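A.B. asks: Prediction below, plus the sequence it came from.
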Protein chains: 2
Amino acid sequence: MIIVGELINTSRKPILESVARRDAEYIASIARRQAEAGASYLDVNCSSILDKEAEVMAWLVENIQKAVDIPLCIDTPNPAAMAAGISLARKGRPLANSITGEKDRFAAMLPLLLQYHARVTGLCTDDQGIPETAADRLRVARDLVHRLTDAGIDIDDIYLDPVLTSLSTNNTAGVEVLTAIRLIKEEFPKVHLICGLSNVSYGLPSRKVLNQAFMIQTMAAGMDAYILDPLDRTMMGFLYASQALLGQDQYCRNYLSAYRRGLYNEEQRQQK
Amino acid sequence: MIIVGELINTSRKPILESVARRDAEYIASIARRQAEAGASYLDVNCSSILDKEAEVMAWLVENIQKAVDIPLCIDTPNPAAMAAGISLARKGRPLANSITGEKDRFAAMLPLLLQYHARVTGLCTDDQGIPETAADRLRVARDLVHRLTDAGIDIDDIYLDPVLTSLSTNNTAGVEVLTAIRLIKEEFPKVHLICGLSNVSYGLPSRKVLNQAFMIQTMAAGMDAYILDPLDRTMMGFLYASQALLGQDQYCRNYLSAYRRGLYNEEQRQQK
């Protein structure tokens, strides 16, 4: 399972403030904690800083790489900020987050992927917006995969995001994504599937319970990468439990290791 | 979703003790609490009382039915105890738990199902034991469904139990069951699928986390009935969350009702 640690994002107040005072040590500590908790990549997102996004991206990337050795996920819709981040990323191959099926964004991002030999997250949206049904998601996914591989990107460097929408506005929002995952995996077994979970629960109470359940459901459907908070012990505990149940954890090694690290302590207390 | 409340079982010490002193009021209170918490059936199991099982079954069934109006799940491998319970069950149609593909057990149970027009749980085991792979489970399931429907049982009165085994002895125990559910539902869309969850986590620590995750995974695969403790608020909370995500809860009505009843309070406290 591929975990992209989501905490370095200027939409989060402590990150925004640490960026404002150029507090490299705080950023480094958040980077280290996520890496220690099992992140495979660290997401870097400063798109809330509109005017200086590229400059801040470069500063973040440089400082994170002084702290940890895992690769980065450069997260921006802005080609200039993408170029600033991806050109400096040197710890393994970066993940560019993201390209979409939109004509202009695709054209602006593609040369950067090729120049820096990056992996890429492809959002299943295009100039018609966010698809509603599983079949529409498959159509956009198919188009993205063909355009990316035609341009020379390896299929297993593509991480498709089926784009989650909220259950609160559409009752079939969850099940359409689950079906889309199965359809995409059936047609493109080598492609990866990635998502952040929080959109599915937007506007509903007890969002974490919905996010946890949707992670477990999407894992069973074939999703293999998540953008999440690796310091969330309950979420990570469910991730290891789910992997074991899916036969992806020989001798339940990762599950037992999570248990020994105390990831299930709170659940056990609560369930006494 | 069909919930069979599992608490009235003499393998549980408080139930065994209340049966020993013929404490009808205690049994009634456990019955009422499970019904109020959303149980569709109440399981009645006194198979640990080997010598007087039929007599105790009759006593339990009579007293539970004085307390609640939901149907019972008569849970015993013993045809005499099954007859004692099923013949007295008068609150809706009972669920006979269980028949198997084993020749003798099948022959002994079938006449009771027909005589009392009962629904039936069919364990996917036969004279060769518990199947290991999904394909073997499908084979036993197919044989059971054909024999039961040939005998005149309606297909939607059949609740197949794919038979969970522990992840601790076989890493693919979970995924084989998930695949079996999909294969059985594909071949017999009208058949129900039922299970108790605890076997999957036997021998591992933090069992509840594994049981919760496996409920969520099996629901997504098509299981529609569970034998569980309806007083377990965390489990029931995940059940409602999972239903909403699967598009089985219009306007998230059941999920929001669960939230208002406080089912997510502990999770929220813990996740602050």
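C.D. replies: In hand now; what should we look at?

A.B. asks: Could you confirm A:Ser98 falls within a strand?
C.D. replies: Yes: applying DSSP: H, G, I helix; E, B strand; the rest coil, one finds A:Ser98 inside a strand.

A.B. asks: Now for A:Ser201, how many residues are close by?
C.D. replies: A count of nearby residues for A:Ser201, using other C-beta atoms under 10 Å in any protein chain shown, gives 26. Yep, even glycine has a C-beta here, placed from its N, CA and C like the rest.

A.B. asks: same question for stretch A:13-31, mean pLDDT?
C.D. replies: Stretch A:13-31 carries an average pLDDT of 98.

A.B. asks: what sits against the residue of the stretch 1-150 of chain A found nearest chain B?
C.D. replies: Of all residues in the stretch 1-150 of chain A, A:Ala134 sits closest to chain B, at 11.2 Å by C-beta to the nearest C-beta. Shown in contact with A:Ala134 (C-beta atoms under 8 Å, 6 or more residues apart in numbering or on different chains): A:176-177, A:179-180, A:183.

A.B. asks: what's the pLDDT at it?
C.D. replies: 97.

A.B. asks: Ok, the one 10 residues further on next?
C.D. replies: At A:Leu144, the pLDDT value in this model is 98.

A.B. asks: With A:Lys66 instead?
C.D. replies: 98.

A.B. asks: now the helices for chain A?
C.D. replies: For chain A, the helices defined by DSSP state H cover A:13-20, A:24-36, A:53-67, A:79-88, A:103-115, A:134-150, A:173-187, A:207-221, A:233-245, A:253-260, A:265-270.

A.B. asks: Please name the bridge partners of the closest residue to A:Leu60 other than its chain neighbours.
C.D. replies: Excluding the flanking residues, the one nearest A:Leu60 by C-beta to C-beta, 6 or more residues apart in numbering or on different chains is A:Val44, at 5.1 Å. When bridges are called by DSSP bridges, A:Val44 pairs up with A:Ile74.

A.B. asks: Could I get the phi/psi values of A:Cys46?
C.D. replies: phi -130, psi 30 (degrees, to the nearest 10).

A.B. asks: Measure how buried it is and give me the count.
C.D. replies: For A:Cys46, using other C-beta under 10 Å, the count is 28.

A.B. asks: How about the contacts made by it?
C.D. replies: Listed by C-beta under 8 Å, 6+ apart, the contact set of A:Cys46 reads A:9-10, A:19, A:53, A:56-57, A:60, A:76, A:81.

A.B. asks: Can I get those in CSV including neighbour count?
C.D. replies: CSV is the format used below for those (neighbours: other C-beta atoms under 10 Å in any protein chain shown):
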residue, neighbour count
A:Asn9, 16
A:Thr10, 22
A:Val19, 21
A:Glu53, 22
A:Val56, 22
A:Met57, 28
A:Leu60, 27
A:Thr76, 23
A:Ala81, 25
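
A.B. asks: Show me the two of the residues you listed that sit farthest apart.
C.D. replies: The most widely separated members of the contacts of A:Cys46, counting by C-beta to C-beta, are A:Val19 and A:Thr76 (14.2 Å).

A.B. asks: What is the nearest of the contacts of A:Cys46 to B:Gln115?
C.D. replies: A:Asn9 (65.4 Å).
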